[in-house]
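Novice: let's see this in three dimensions:
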Amino acid sequence: MSRVTKKASSVCTDSPLSMSEVCRKMTLMRQILTSCFGPNGRLKQVHNNVGGHVLTTSTSTSLLQAVSSSEPLLKLITASILNHLSRFSDCGLYTGILCFSLIDHVQKSGLRPSVAIKINKQLLEVCTGFLNQEDCGCKVNVDFNSCQSLVTLARSVISSKPACVLTEGEQQHISTLAVHAFLLTVPCGDTPGSPDRVRLGRTVTVSIEGQFVLDSAVFPGLLVNVPDMQLHPTDSERTRRGPGPFRLALFTVSLSGDLSEFGEGSLEVHSGAPDPEHLILDELLKLGEQAVTDKVEVFMCQRVIHPVLQHYLRRHGVLVVERLGIALIQPIVQMTGAQAVALYQTPIPPEAYGQVKGCCVRTVGSREMLHLLPPREPAPAVCTMVLCHRNDTMLNKLKAACQRAEHVLRLTLRDPVALLGGGCTETHMAAYISNKGTTEAAKAALSLGVSQSQYLLGLNGFCSSLEAVALALVHDGETGLVDLSYAHHWSVLQGEAIHSGTVLQGEAIHSGRGTPAG
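Specialist: Model prediction:
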């Protein structure tokens with residue numbers, strides 16, 4: 001008891017940014033996020049101060065989850081960024097840099113937080129209105145009739161993840177595969193029962209470590225990992241038969257016949273009564289008899305199948321696959337139209353059966369996998385993306401990048417426009433808002449109930465924060481430039497000639513912002 005100390009009371013403050021230690025931590029976090037931003041961002045290695053697993057990453061999701069802080073304000077900002085990522089799956093570094101820049105400029109300007117919040121909200125509405133305009137100079141239409149347009153969009157996502165460690169050729173290959181997989185999940189016809197809606201399919205990712213990136217591929221349908229790396233000889237013969245469609249049955253309940261599957265408790269068996277295990281096996285064999293009678297040709301189970309039942313089914317020419325795992329159940333249901341059966345004590349309902357067009361064995365790297373081909377359209381398409389890389393860390397980052405690229409492509413399907421990259425959108429918006437805000441400063445200040453000087457201070461800080469995001473893309477001693485006529489941004493190596501009509505990005509731009517044409 002001598003070592004037990006009384007719990008200290010919570011310390012609350014209404015102005016945490018007045019504390020130098022809090023500001024120092026926020027500056028450090030901003031520097032970490034900024035250095036990771038963009039295709040040339042720096043990788044970070046994160047580990048506990050006493051050792052342990054080392055995380056190598058440059059993505060905001062991994063970084064923010066790995067870097068912990070005891071500071072409540074940083075926890076709040078981190079939680080906000082992670083919430084943004086959970087909704088949009090990308091742009092976490094962008095959000096973090098913009099957030100910290102806004103806070104920093106409010107501190108430097110001396111504006112009261114309540115005033116700064118009102119001004120920032122109003123300017124955010126101006127940004128949203130500008131981006132929603134038909135003639136917005138930041139938007140580019142995405143042509144779904146052009147595969148090259150889609151590949152370019154996917155590559156802009158994948159190339160921004162330096163932790164994937166891809167060459168130019170590998171980036172192009174993976175971007176092409178991402179678009180191929182996305183197009184396979186888009187149905188050719190209308191969704192049955194909902195002609196006004198499009199129900200997209202699903203992409204299942206299979207990761208293979210130790211293979212070349214260029215060995216990655218996309219297959220329509222599902223690749224199912226076979227236990228023990230090989231199929232039963234009878235199953236191998238079954239896959240070489242003619243094309244389907246084949247009737248499929250899918251079970252999520254264990255068909256192992258173990259009494260433990262019924263849960264905990266005691267079981268009393270009276271003298272002369274049948275053995276419970278024999279009764280269970282009889283039920284399983286009845287299930288197998290029904291499957292054979294109903295002409296089931298593919299019998300799949302999430303868990304284990306009793307060896308006697310497997311032998312019976314294979315003897316009657318049924319392809320048997322067990323130990324699927326829970327992750328593949330929903331894709332199989334979506335692709336085949338089957339209903340997962342959770343009981344074996346009752347007959348299989350006719351509507352529970354699904355169909356596959358065909359099946360075959362494919363060798364992928366060092367694995368032998370069963371390839372299930374999807375039935376004909378308009379069923380939602382399911383495809384498998386096989387991703388290969390040199391080690392597990394790079395493979396995980398590549399998988400996450402491909403998932404983000406797929407999410408971006410799906411969002412673009414709903415709204416086929418993209419924003420300019422390379423910092424151009426940020427500098428263009430900053431120039432537009434600066435020009436509009438300066439012109440309408442008196443009116444805007446009156447509507448917000450602030451002075452005109454306060455509004456201009458807030459306007460300057462907001463525009464500078466947008467430019468800070470563009471500047472974060474500049475690494476390796478490069479210089480950021482902006483066109484004073486169109487407000488486009490690009491970077492050059494130090495020492496290269498700066499043409500007329502451009503100005504150095506940074507604090508000096510505040511005195512020379514141009515009005516974007518168009």
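
Novice: what is the burial count for residue 348?
Specialist: Residues within reach of residue 348, counting by other Cβ atoms under 10 Å, total 18. Heads up, the C-betas are built off the backbone N, CA and C, glycines and all.

Novice: now residue 114: how far from residue 450?
Specialist: The spacing between residue 114 and residue 450, counted by Cβ to Cβ, to the nearest Å, is 10 Å.

Novice: so for these two, which sits in the more crowded spot?
Specialist: More crowded of residue 114 and residue 450, by other Cβ under 10 Å: residue 450, with 22 against 9.

Novice: quick check: that one touching residue 117?
Specialist: No: contact between residue 450 and residue 117 fails when scored by Cβ atoms under 8 Å: they sit 11.0 Å apart.

Novice: stretch 404-422 spans what distance, first to last residue?
Specialist: By Cα to Cα, to the nearest Å, the extent of stretch 404-422 from end to end equals 18 Å.

Novice: low-confidence ranges, the stretch 251-400 of the chain, go.
Specialist: Applying pLDDT under 70 to the stretch 251-400 of the chain flags the ranges 259-276, 377-380.

Novice: try 90
Specialist: By pLDDT under 90, the low-scoring segments of the stretch 251-400 of the chain are 256-283, 343-346, 358-368, 374-381, 393.

Novice: quick one, domains of the protein?
Specialist: Structural domains assigned to the chain are 14-105, 216-260+275-414, following automatic domain parsing.

Novice: using a markdown table, lay out the ones you listed together with distance to residue 492.
Specialist: Supplementary listing: the domains of the chain in a markdown table, determined by distance: least, Cβ to Cβ, whole Å:
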| stretch | distance to residue 492 |
| --- | --- |
| domain 14-105 | 14 |
| domain 216-260+275-414 | 28 |
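
Novice: of those domains, which is nearest residue 176?
Specialist: If you check each of the domains of the chain against residue 176 by Cβ to Cβ, domain 216-260+275-414 wins as the nearest, at 9.0 Å.

Novice: which elements pack onto the host helix or strand of residue 413?
Specialist: Secondary structure here is read from DSSP states H and E; on that basis residue 413 sits in helix 392-414. The helices and strands touching helix 392-414, judged by 3 or more Cβ pairs under 8 Å, 6 or more residues apart in numbering; DSSP states H and E, are helix 147-158, helix 168-184, strand 202-209, strand 382-389.

Novice: tell me, how many neighbours does residue 86 end up with?
Specialist: The criterion is other Cβ under 10 Å. On that basis, residue 86 has 9 neighbouring residues.

Novice: host element of it?
Specialist: Using DSSP H and E, residue 86 falls within helix 72-88.

Novice: I'd say residue 472 and residue 42 touch.
Specialist: No: counting by Cβ under 8 Å, residue 472 does not reach residue 42; the two are 11.4 Å apart.

Novice: now the helices: where do they sit in the stretch 351-500 of the chain?
Specialist: When secondary structure is read from DSSP state H, counting those that start in this stretch, the stretch 351-500 of the chain shows helices at 392-414, 424-439, 441-448, 452-471.

Novice: contacting residues around the shortest one?
Specialist: Contacting residues not belonging to helix 441-448 are listed as 118-119, 122, 437, 451-452, 454-456, 459 [Cβ atoms under 8 Å, 6 or more residues apart in numbering].

Novice: now restrict these to buried residues only.
Specialist: 118-119, 122, 437, 454-456, 459 (16 or more other Cβ atoms under 10 Å).

Novice: how about those in a markdown table, adding distance to residue 428 and pLDDT?
Specialist: A markdown table is the format used below for the buried ones among the contacts of helix 441-448 (distance: Cβ to Cβ, whole Å; pLDDT from 0 to 100):
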| residue | distance to residue 428 | pLDDT |
| --- | --- | --- |
| 118 | 25 | 96 |
| 119 | 20 | 96 |
| 122 | 19 | 96 |
| 437 | 15 | 94 |
| 454 | 26 | 96 |
| 455 | 22 | 96 |
| 456 | 20 | 96 |
| 459 | 16 | 96 |
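
Novice: okay, helices next: where are they in the stretch 1-150 of the chain?
Specialist: The residue ranges that make up the helices of the stretch 1-150 of the chain, judged by DSSP H, counting those that start in this stretch, are 20-36, 60-66, 72-88, 92-109, 113-132, 147-158.

Novice: and those helices, which one's lowest on average pLDDT?
Specialist: If you rank the helices of the stretch 1-150 of the chain by mean pLDDT, helix 60-66 sits at the bottom with a mean of 87.

Novice: so how far is that helix from its chain's centroid?
Specialist: In this view, helix 60-66 has its centroid 14 Å away from the chain centroid, taken as Cα atoms, centre = their mean, to the nearest Å.

Novice: wait, residue 154 touches residue 405, no?
Specialist: Yes: the pair residue 154 / residue 405 is scored as a contact, 4.4 Å apart, by Cβ under 8 Å.

Novice: okay, and the common contacts of these two?
Specialist: Listed contacts common to residue 154 and residue 405 are 175, 178; contacts here mean Cβ under 8 Å, 6+ apart.

Novice: nearest to residue 319 among the contacts of helix 441-448?
Specialist: Comparing those against residue 319 with Cβ to Cβ places residue 122 closest, at 63.9 Å.

Novice: show me the contacts for that closest one.
Specialist: Counting by Cβ under 8 Å, 6+ apart, residue 122 has contacts 444, 447-448.

Novice: hmm, 7 Å instead?
Specialist: Shown in contact with residue 122 (Cβ atoms under 7 Å, 6 or more residues apart in numbering): 444, 448.

Novice: can you check residue 212 too?
Specialist: Contacts of residue 212 were listed using Cβ under 7 Å, 6+ apart, and they are residue 388.

Novice: report pLDDT for it.
Specialist: Taken from the predicted model, the pLDDT recorded for residue 212 is 94.

Novice: mind checking how far it is from residue 223?
Specialist: Residue 212 sits at a distance of 18 Å from residue 223 (criterion: Cβ to Cβ).

Novice: try residue 355
Specialist: Residue 355 sits 18 Å away from residue 223 when distances are taken as Cβ to Cβ.
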